[in-house]
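Colleague: Just to be clear, the model below is a prediction. Sequence and coordinates:
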Number of protein chains: 2
Amino acid sequence: MGGQAPVGEFEQLVLLAVMQIGDGAYGVPVRREIERRTGRDVSRGAVYTTLDRLEGKGLLGSWLGEPTPERSGKAKRFYRVERAGIKALKESRTALRSMWTGLEPVLGEL
Amino acid sequence: MGGQAPVGEFEQLVLLAVMQIGDGAYGVPVRREIERRTGRDVSRGAVYTTLDRLEGKGLLGSWLGEPTPERSGKAKRFYRVERAGIKALKESRTALRSMWTGLEPVLGEL
DNA sequence: CTTTAATGTACACATTGTAGATATTCAAAG
DNA sequence: CTTTGAATATCTACAATGTGTACATTAAAG
C-alpha cells in the first residue's frame, strides 16, 4: 500500500507546528505557533487532544520533561514528529498540490 | 472576523475538483478527478455527502441537469464553486503555506 | 418484463475538531 | 505552614467531517 488514513486539516497544522518549533515543542508553544502563523485562535484543549491522537497514530512521539522542573507548573510533555508523521505531511501536500495545479490563474496568485 | 469555520481536508479536495472540472462538474467526474490526481480511492457516498454539505454551507451551488437526460440514469446534479468557496480555499492554502514556510529544506524538496 | 448502467439519496458509524472544566505541580507571598 | 497564582496537562462532552453500504430512480437494451 502507500497512504494509510489521510491526516485531518487541524492535525496537519499541529504536525507542522511541532516541526517548526523543533526542540522544545510542547502544548503551549504549539498553540502559539499555530495562532501566530495562521491568525486563527485555537483552544488549549484542541491542541492537547490533537497531539494525543497524533501520538496514538504514531505520527508523533512524546516524553516528559524534567521530573523537577525549574519553574512552576506541571512537567511539560515534549513532542517530536516521527517518520510516519513526515510521510503523512508530504502525502497531504502532494495531494493538495495535484488538486491545485493550474488553478492559480483562475483564483489569483499569491 | 475573517475566516468562518475552516474547511476540512476532504472538503478541500472536493471544492478543488469542482473548480478543476469547471462546467459539467457533477458527482461522477468529481470523484474521478480526485482519484486521478491524488491516487487515492474514494467512495461515491463520500463524494455526494461532501458535495451536499458544502452546498449547505454555501461554498457550492447546484442545479439539476435536463429533466429528460439523453442517456440512462438519474438526472445529474451539477455544481459550481461560490465566492465563499473560493475564499475558503484561499484561506486554507494561506494557512498551510504559513505553516510550511521554511520546512522544505528539512523535509526534502518536491 | 428483466437486466444493466448511470446517477443520486439515505443512513449509519468512525474519526476529527473544539471548547470548557478540572487536576497537578511548584514558587512566592502571607 | 497555608494560600494564592501561574503554567501545564488531562478529562469529558459534543459538534463537524470523513467514509462506506445499502437503496432508489430512470431509461436503454435484451
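Modeller: Cool, the structure landed.

Colleague: Distance from the helix or strand where residue A:49 lies to the middle of the chain?
Modeller: Using DSSP states H and E, the element containing residue A:49 is helix A:44-56. Distance of helix A:44-56 from the chain centroid (C-alpha atoms, centre = their mean, to the nearest Å) equals 9 Å.

Colleague: ok, now stretch A:12-19?
Modeller: For stretch A:12-19 - counting by C-alpha atoms, centre = their mean - the centre lies 2 Å from the chain centre.

Colleague: Name whatever forms a beta bridge with residue A:61.
Modeller: residue A:80 (DSSP bridges).

Colleague: Tell me if I'm right that it and residue A:80 touch.
Modeller: Yes: applying C-beta atoms under 8 Å, one finds residue A:61 in contact with residue A:80, separated by 5.6 Å. For glycine as for every other residue, the C-beta is placed from the backbone atoms N, C-alpha and C.

Colleague: Please identify the residues of chain A in proximity to DNA strand D?
Modeller: A:5-6, A:8-9, A:26-28, A:44-45, A:48-49, A:52, A:71-77 (C-beta under 7 Å from any atom of the strand).

Colleague: sec struct for the nearest residue to residue A:59 once chain neighbours are set aside, please.
Modeller: Leaving out its chain neighbours, the residue that sits closest to residue A:59 by C-beta to C-beta, 6 or more residues apart in numbering or on different chains is residue A:85, at 3.6 Å. What DSSP: H, G, I helix; E, B strand; the rest coil gives for residue A:85 is helix.

Colleague: related to what we said a few turns ago, is DNA strand C contacted by the helix holding residue A:49?
Modeller: Yes: interface with DNA strand C: helix A:44-56 contributes A:44, A:45, A:46, A:48, A:49, A:50, A:53 (C-beta under 7 Å from any atom of the strand).

Colleague: Pull out the buried positions in that helix.
Modeller: Neighbour counts over helix A:44-56 (16 or more other C-beta atoms under 10 Å in any protein chain shown) mark A:47, A:48, A:50, A:51, A:54, A:55 as buried.

Colleague: How about stretch A:15-34?
Modeller: Those would be A:15-21, A:25-26, A:29-31, A:33-34, for stretch A:15-34 by 16+ other C-beta under 10 Å.

Colleague: I'd like to know which helix or strand in chain A has the lowest mean pLDDT.
Modeller: Taking mean pLDDT, DSSP states H and E as the measure, the helix or strand of chain A with the lowest value is helix A:104-107, at a mean of 81.

Colleague: How far away from the center of its chain is that helix?
Modeller: Distance, centroid of helix A:104-107 to centroid of chain: 28 Å (C-alpha atoms, centre = their mean).

Colleague: From the contact counts, what lies against that helix?
Modeller: helix B:83-100 (3 or more C-beta pairs under 8 Å, 6 or more residues apart in numbering or on different chains; DSSP states H and E).

Colleague: helices and strands around the helix it packs on, which ones?
Modeller: By 3+ C-beta pairs under 8 Å, 6+ apart, helix B:83-100 packs against helix A:9-21, helix A:27-38, helix A:83-100, helix A:104-107, helix B:9-21.

Colleague: Perfect, I'm done here.
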